[in-house]
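A.B. asks: Below are the sequence and a predicted model for it; my questions follow.
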Amino acid sequence: MRIAVLSDIHDHIWNLEKVLAREDVQEAGALIFCGDFCAPFTLKQMADGFVGPVHAIFGNNDGDKFLLSKIAQGTKNITLYDEMGEVEFEGVRLAFVHYTKLGRYLAASGHFAAVFSGHTHEAGQETIGKTLWANPGEIMGRFGTPSYGIYDTETGVFTHRLL
């Protein structure tokens, strides 16, 4: 199963629209979001633009957690976690957080096949022990070309994609 991994939209709804329209994202079986929607309308756009399950967490710039939670509850495909999300797809355990430091600690725990985090807006990945830790980069595009990632649960490979 392929999983789209996004982070740090910061209300750049135009880039989000482009990413959600990408064939590799639309064909993904699920989407993981590592925080910083910013405004609640960005979460709504994500819910409407991706038909599969979306697992998302709050970032440090998500100010209206009440309205974000209310929007998530009104959708059929959004599961919104607080600071950390844990999911399992096809027997593969994954975790996702916003902060890089926490993501690296979770990866070092060895409890997950992969851990995803955002916050720095910088795409990167490494293997810590037997666990993949990856940052998909930013949808916003503040520090360069917007990017996201596709994770394959069968192969354990994470591929960065530029917008």
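C.D. replies: Everything's here; your move.
A.B. asks: How about the contacts made by residue 129?
C.D. replies: 107-108, 110 (Cβ atoms under 8 Å, 6 or more residues apart in numbering). Where you see a C-beta, it was placed from the backbone N, CA and C, and this is true even at glycine.
A.B. asks: Which member of those residues is positioned nearest residue 126?
C.D. replies: Of all these, the one with the least separation from residue 126 (Cβ to Cβ) is residue 107, at 8.4 Å.
A.B. asks: any idea how far residue 95 is from that closest one?
C.D. replies: Residue 107 sits 8 Å away from residue 95 when distances are taken as Cβ to Cβ, to the nearest Å.
A.B. asks: Residue 101 now?
C.D. replies: Distance of residue 101 to residue 95, computed by Cβ to Cβ: 14 Å.
A.B. asks: Residue 147 now?
C.D. replies: Taking Cβ to Cβ as the measure, residue 147 falls 20 Å from residue 95.
A.B. asks: how about the strands in this protein?
C.D. replies: With DSSP state E as the criterion, the chain has strands at 2-6, 30-33, 54-57, 78-81, 84-89, 92-97, 114-116, 124-128, 131-135, 147-152, 158-162.
A.B. asks: these two touch, right, residue 152 and residue 5?
C.D. replies: No - with contact defined as Cβ atoms under 8 Å, residue 152 and residue 5 do not form a contacting pair (11.2 Å).
A.B. asks: And for the chain, the residue most distant from the center?
C.D. replies: Going by Cα atoms, centre = their mean, the residue of the chain most distant from its centre is residue 129, 22.0 Å out.
A.B. asks: Over to it: give its phi and psi.
C.D. replies: phi 70, psi -120 (degrees, to the nearest 10).
A.B. asks: Give me the pLDDT for it.
C.D. replies: Looking at residue 129, its pLDDT reads 96.
A.B. asks: Could you tell me which of the contacts of residue 129 count as buried?
C.D. replies: Among the contacts of residue 129, those classed as buried by neighbour count (16 or more other Cβ atoms under 10 Å) are residue 107.
A.B. asks: Just to be sure, which of the contacts of residue 129 are found in helices?
C.D. replies: Residues of those located in helices (DSSP state H): 107-108.
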